[in-house]
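Chemist: Here's a sequence, model it:
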Amino acid sequence: MKSGRKKSGSNTNAMSKNDSMGNVNKTENKFFIDGNYHKVTVSQILEMKKRNEKAAFVTAYDYSNALICDMAGVDGVLVGDSAAMVMLGYHDTTRIGMQEMLVFCGGVCRAVRRALIIADMPFGSYQGSVANAIHNAVLFIKAGCNAVKIEGGTEVVPLIRSIIAAGIPVMGHIGFTPQTSSLWNNNRLHGKTEKSALKLLEDARELEEAGAFSVVLEMVTDEVATLISENLSIPTIGIGSGLNCDGQVLVSHDLLGLYQGAQLRFVKQYAHLYETIFDAISLYRKDVKEKKFPQDTNSFHMDKNELRKVLRKLKQQRKLRSD
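Modeler: Numbering: from 1, shown residues only. Have a look, this model is predicted:
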């Protein structure tokens, strides 16, 4: 995460370029002027709720995109197990393991200097035993992450207590839990009934009492998400859970519009990069086919005297071979 010491200059230059273009968000980059920044901590995330400041989280999986997210001033970067789908092409998140997640975390942590970095503990990394779960959580911290996220409610409370006792901050995750929901009822929207609402409230309270510093609410009705947010002292981070959570998280690929097809209702696309990237690569291919790229301005040249020497040497070699 702190590997970009030499890159601080290039980051500042990029920031200055954005400023000259009239970037309306340039004030967000004040943390990086002259290489100075303020690292976001778990305590600061908790303080944000107390002063009614919304927390902005986004997913990232590689160095280049994580660098942009951090420079944009987000409060937290989640290295989500959604990487299984958006980076590796699987149909769900259960396929990804610790080895792949640690690779993604490594790239993100070498880029991010300010935002809080949370690693999703993938399916199978914490179900075997408490000792194995702690071991895997430690691996994420050694990779440079600041916290881990675990899906589940009351059933994972003992596990969360143990990981926190080992000194590692934990973010909870209830509502739609992608790792296991499809194995049971596959209900995406939670909190539609009294029973579901009361269960979510119980899970949230248990996670708070276990020591979780925040809890993700995924696909929870606005009314129930509001009740949970009002009844917890720790922040709720919503995804598809209405207006009143203490913060929000989105998958970066969704908010950037990197996919064609139907848009998820709870996602706001802030860009349409699929079309932008498609057009750019199509134009590149066209230029290559039509011999418009590269041009001389894209080329490098050797000294003319050196070229003469090479041509003279080749001529001598050809003469020797002909003799």
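Chemist: can you pull up the bridge partners for Asp120?
Modeler: Beta-bridge pairing of Asp120 under DSSP bridges involves Lys149.
Chemist: what sits against it?
Modeler: Asp120 makes contact with 78-82, 101, 148-149 under the criterion C-beta atoms under 8 Å, 6 or more residues apart in numbering. For glycine as for every other residue, the C-beta is placed from the backbone atoms N, C-alpha and C.
Chemist: now with 7 Å?
Modeler: 78-81, 101, 149 (C-beta atoms under 7 Å, 6 or more residues apart in numbering).
Chemist: Show me which of the residues you listed are buried.
Modeler: 78-81, 101, 149 (16 or more other C-beta atoms under 10 Å).
Chemist: So which of those is the closest to Ser181?
Modeler: Asp81 (13.2 Å; C-beta to C-beta).
Chemist: Tell me which stretches of the stretch 1-150 of the chain form helices.
Modeler: Assigned helices in the stretch 1-150 of the chain, in chain order: 8-20, 42-50, 63-71, 83-86, 98-111, 130-142 (criterion: DSSP state H, counting those that start in this stretch).
Chemist: To Ser299, which of those lies closest?
Modeler: For those, the distance to Ser299 is smallest for helix 8-20, at 24.4 Å, taking C-beta to C-beta.
Chemist: What are the structural domain limits within this protein?
Modeler: Listed by automatic domain parsing, the domain ranges of the chain are 8-255, 290-322.
Chemist: returning to what we had before: among the helices of the stretch 1-150 of the chain, which is nearest Ser252?
Modeler: That would be helix 63-71 among the helices of the stretch 1-150 of the chain, by C-beta to C-beta, at 6.3 Å.
Chemist: got the angle for the closest one vs helix 98-111?
Modeler: Helix 63-71 and helix 98-111 are oriented at 50 degrees to each other (axes from the mean of the first three to the mean of the last three C-alpha atoms, to 10 degrees).
Chemist: Just the buried positions in helix 63-71, please.
Modeler: Applying 16+ other C-beta under 10 Å to helix 63-71 flags 63, 65-67, 69-71 as buried.
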